[in-house]
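Quick one: sequence plus predicted model below, questions after.
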Amino acid sequence: MKTEILNALLAADFQRAGELLTAGELVAVPTETVYGLAADAGNPEAVAKIFAAKQRPRNHPLITHIGSIDQLSLWVKEIPDWVSPLADAFWPGPLTLIFERHPSVSDVITGGLPSIGVRMPDHPVLLSLLQQFDIAVAAPSANPYQKLSPTSAAQVLSGLDGKIAAVLDGGNCGVGTESTILRVGEDKAEILRSGPLSAEDLQPYLPVPVITPQSHHQAVSGNKKVHYQPNAKVVICPTPTFAATLAAEPETTGALVYSSSLQGINCRQRLILPCDHQGYRQALYASLHALDGKGVHKLLVEAPPILPSWADIWDRLSRAAAE
Ligand code: TXA
Ligand code: MG
């Protein structure tokens, strides 16, 4: 299959993306977090193509993306009271909420689970696509299974060219890590996957305490220990010992740092990321993709700060470093 490259700024290309989706084809689309591999959520045959293209196991559930709050009732059995404060505060945005699914929802989307994950993405291109074509899309990150998520159309193509109908290029993603996944229960709200919104961000809008479970929920594929992996072997190293570790390991050809004290460090491929969590998050996957592109085999990554606002960055880097 030849993958069409569509430019979101061109009306004809935008239209083409909507037509392909409604015809049951796969289109990679920009979101504020990472690019998603979208299929019409109301068409189980279309959704099934996602698993083949990504080589993703069938029982890993997908997030359904809606373009307006009115669509929510089509996907969930009932709308709980706790939803509206969260939706008012964070939708559109990088927050996926877990609900009891509507009886009409296909098992293909939920991997057979009785629940469904839903979010309203904060990207003008995708929001208008969903609204103008009046559809919802099931969309995992647009990368082959267990690989790095893409934050640009070029990164999507590097993993999925020839396996999907099209990619709609809407520029680089502004946020950079996947959405926070939250399951709200009777007595607690659990963060099933850390993301750009932290427990502190969410707590004021919830009637129950927010917790981050230690043992991760099996149904969350992003919580497999080995995930988000670049080709390079990743080693995380604390700031104070970084320079000495690098000097002692001549086979290390890449360094990813953010502290000003390490900006001049001597390494064949050195990338310096912003030292604020938003800037760092936005650049993280693009940096790992770029270092892979340079053929880096072993990459030393400066350990991020241990702060709640960096939790998702820690999480993704630890998985990238997992054996
Ligand atoms: O930011 C994001 O969330 C991106 C963009 C494209 O929206 N999407 C994304 O999708 O990261 P994916 O498939 O790579 O990760 C979705 C995660 C998986 O770990 C999946 O297991 C979990 O959401 N998930 C989906 N439905 C669930 C459910 N009913 N219960 C528990 N976890 C669920
Ligand atoms: Mg993913």
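Cool, got the structure. Numbering: from 1, shown residues only. Ligands and ions are numbered 1, 2, ... in the order given.

can we go C-alpha only for contacts and neighbour counts from here?
Noted.

What score does K233 have for pLDDT?
Confidence at K233, expressed as pLDDT, is 95.

same check, this time on N172
We have a pLDDT of 98 for N172.

Please tell me I have it right and it contacts P150.
No: counting by C-alpha atoms under 8 Å, N172 does not reach P150; the two are 9.2 Å apart.

more neighbours, the two?
Neighbour totals were compared for N172 and P150, and P150 leads with 28 against 21 (other C-alpha atoms under 10 Å).

shouldn't R316 be in contact with P230?
No: in this structure, R316 is not within contact of P230 by C-alpha under 8 Å, at 11.0 Å.

So if I had to pick from these two, which one is more boxed in?
Comparing R316 with P230 by neighbour count (other C-alpha under 10 Å), the higher total belongs to R316, at 25 against 22.

I'd like to know how far the more buried one sits from V184.
From R316 across to V184, the span is 23 Å (C-alpha to C-alpha, to the nearest Å).

same question, S128
With the distance defined as C-alpha to C-alpha, S128 ends up 29 Å from V184.

more neighbours, the two?
Taking other C-alpha under 10 Å, S128 and V184 do not tie; V184 has more neighbours (20 against 14).

does C267 count as helix, strand or coil?
Following DSSP: H, G, I helix; E, B strand; the rest coil, C267 is assigned to coil.

Please read the previous query as pertaining to T96.
T96 ends up strand, using three-state DSSP.

begin at 304 from here
Sure thing, new numbering starts at 304, so read that last one as T399.

Tell me, how many residues neighbour it?
27.

Same question for A468.
The tally of other residues near A468 (other C-alpha under 10 Å) stands at 20.

Contacts only, for it.
Applying C-alpha atoms under 8 Å, 6 or more residues apart in numbering to A468 gives the contacts M304, K305, T306, E307, L323, E328, L329, V330.

repeat that with 10 Å
For A468, the contact set (C-alpha atoms under 10 Å, 6 or more residues apart in numbering) comprises 304-308, 320, 323-324, 327-331.

ok, back up a step: common neighbours of R619 and P533, please.
By C-alpha under 10 Å, 6+ apart, the residues touching both R619 and P533 are L451, Y588.

Overlap of the contact sets of N475 and P453?
P333, T336, V337, Y338, A589.

and those near ligand 1, which?
Counting by C-alpha under 6 Å from any ligand atom, T336, V337, Y338 from the shared contacts of N475 and P453 sit close to ligand 1.

Which of those has the largest number of neighbours?
Busiest of those [other C-alpha under 10 Å] is Y338, holding 31 neighbours.

Quick check: that one touching A331?
Yes: with contact defined as C-alpha atoms under 10 Å, Y338 and A331 form a contacting pair (6.5 Å).
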